[in-house]
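Enquirer: build me a structure from this.
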Amino acid sequence: MHTDLLLVPMAARATGMVAAAVAAEDAGFDGVWTWDHLRDTEGSVVGTPEAWTVLTAIAAATRRVMLGPLVLNVINRHPGLLANMAATLQELSGGRLLLGMGAGGGPDLPYAAEQRMIGLPVEPDPARRRRLAEACQVLHRLWSGDRSEFSGSAYRLTRPVGFLRPDPPPPIVVAGFGPRMAALAGRHADGLNTQASNPRLAELVETARAAHASAGRDPPRFLITVFSGLRERWLRPDSPDRVALERLGVHHLILLVQPPFDAGQIREAGRMLRV
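Expert: As a prediction, the model looks like this:
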């Protein structure tokens, strides 16, 4: 099981995030992620660096760690544009991208405010799920060179030609906390992300893998990623919590780190992984 860090961007500096990513690679972590948000709900005057720009800088500053957004809000970027963005970063990083995708927050969540402030819609749950499923389909079609037309409720393709084709295509990892999103991830994506402490974790993993198999794909290749806070219980290789995740077949355990980022803390966490 890989152990990664997620650099929380709220109130962070982009340069500090890049330095923390370099420290994480040096400390032995396997991947670096960040959130896709435009502002801090707590109102920090520092602001929130944009996820994709930071990941591109991290790709240039590192050589080994996997990179990913956890997760891109599907409403923020048209999948046609995102297809080329992801293909470009996959090339620049040497194939290290894991493309986290999500349906975005619902109307009752605080993060919906950042969409309303810039005039983006905050759709009901069913519409956001449909949009996410279609975005996954568009990405897979463009990356494979499929020139056929596609007509969905949110997106359309009209004989697309000439889009970048990443080699290999980055896995799409969909965030979900319930069975509907787990099933969507299994049908349309290449992995599922959820909370490490989700009480329904085993059920969600089973649901996603079953949907992946029903879609005619290969369940053993389906990625399971989970996230939690940076705690000793998740770092020590022999801890019961880590052992339980490994038994479920979790591929990536992603641990959140808050700014200001402390290189010493990151190095100490890396040492715990090797105890």
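
Enquirer: alpha carbons only for contacts and neighbour counts from here, please
Expert: OK.

Enquirer: pLDDT value on the residue most central in space within the chain, please?
Expert: Nearest to the mean C-alpha position of the chain, by Cα atoms, centre = their mean, lies G100 at 2.5 Å. For G100, the model assigns a pLDDT of 98.

Enquirer: that one should be in a strand, yeah?
Expert: Yes: under DSSP: H, G, I helix; E, B strand; the rest coil, G100 falls within a strand.

Enquirer: distance check, it against A87.
Expert: 14 Å (Cα to Cα, to the nearest Å).

Enquirer: what of V71?
Expert: In terms of Cα to Cα, V71 sits 17 Å off from A87.

Enquirer: and the contacts of the longest helix along the chain?
Expert: Identified as the longest helix of the chain according to DSSP state H is helix 125-144. Residues outside helix 125-144 that contact it (Cα atoms under 8 Å, 6 or more residues apart in numbering): 74, 78-80, 82-83, 87, 101-104, 106, 147, 150, 152-155, 157, 160, 163-166, 169, 172, 181, 184, 188-189.

Enquirer: over to stretch 74-91?
Expert: 56, 59, 96-97, 99, 101-104, 120, 131-132, 135-136, 138-139, 142-143, 163-167, 169-170.

Enquirer: and the longest helix of the chain, how far from the chain's centre?
Expert: Chain-centre distance of helix 125-144: 15 Å, with Cα atoms, centre = their mean, to the nearest Å.

Enquirer: quick revisit: now the contacts of helix 125-144: which count as buried?
Expert: Buried by 16 or more other Cα atoms under 10 Å: 74, 79-80, 82-83, 87, 101-104, 160, 163-166, 169, 172, 181, 184, 188-189, out of the contacts of helix 125-144.

Enquirer: tell me what the residue nearest to the centre of the chain is bridged to.
Expert: On the basis of DSSP bridges, G100 is bridged to V173.
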